[in-house]
Structures are given as structure tokens and as C-alpha cells.
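Chemist: how does the following fold in three dimensions:
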Amino acid sequence: MVDFTETVRSFIEKEMMTQAHKGTLSPSDSLIDKGIVDSLGVQRLIAYLEQEFDLQIADTEIVPENFETIGSVVNFINYKLTAKG
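Modeler: Numbers count the residues shown, from 1 in each chain. The predicted structure is shown next:
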């Protein structure tokens, strides 16, 4: 299992966080509850993941559990990469 935490955190901090959200973002912080990622943000994150990691993300995989935290996104990436073979 590869740790993509910093890669994902860097994208979120650079592309999705406003000045009001700047600060330490831990892998377990809720991106949704903190208002960092909304429905449009999830779509931007999915587009990034598909391009950056050469993934195909199905509509059925777009559930809060996969995008709630940086940690859950990293786990999802590893799951997809393992399934991809």
C-alpha cells in the first residue's frame, strides 16, 4: 500500500481550500464537514484522481465514504490501483 497522503493533501490545499480553511489538515479531518469539499469539489477531486493515477471511477463508487477524508481518499486510490492490477 502506497501512502499518497501528501499528494492528495497538496492538491486539496492548492486547488480546493480557501484562505478561511488554511491551516493544518490531518488525514482524518472531514473534508465535507469542514466545508472544503462540496459536490462540485468531489467532481474536481475525481477528475484529478482519474488523471493523476490513471483510474476509472464508477458512479457507484462516488460515495461519501470514499471522499470523506484524505485518509479515505488514499485508501480508495490504493484499492483502485490494486484492483486495476
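Chemist: show me where this structure dips below the pLDDT cut-off.
Modeler: The chain contains residues with pLDDT under 70 at 18-23.
Chemist: in what helix or strand does the most centrally placed residue in it lie?
Modeler: The residue lying closest to the centre of the chain (CA atoms, centre = their mean) is Val73, at 4.2 Å. Taking DSSP states H and E as the definition, Val73 sits inside helix 70-84.
Chemist: how far does that helix sit from the chain's center?
Modeler: A distance of 10 Å separates the centroid of the chain from that of helix 70-84, by CA atoms, centre = their mean, to the nearest Å.
Chemist: what does that helix contact?
Modeler: 1-5, 8-9, 12, 25-29, 31, 45, 49, 53, 55, 57, 61, 65-67 (CB atoms under 8 Å, 6 or more residues apart in numbering). Any C-beta I mention is one placed from the backbone N, CA and C, and that applies to glycine too.
Chemist: switch the cut-off to 7 Å
Modeler: Under the criterion CB atoms under 7 Å, 6 or more residues apart in numbering, residues 1-5, 8-9, 12, 25, 27-28, 49, 53, 55, 65-67 lie in contact with helix 70-84.
Chemist: what sits closest to Leu55 if chain neighbours are left out?
Modeler: Lys80 (4.9 Å; CB to CB, 6 or more residues apart in numbering).
Chemist: tell me how many other residues crowd the one you found.
Modeler: 19 (other CB atoms under 10 Å).
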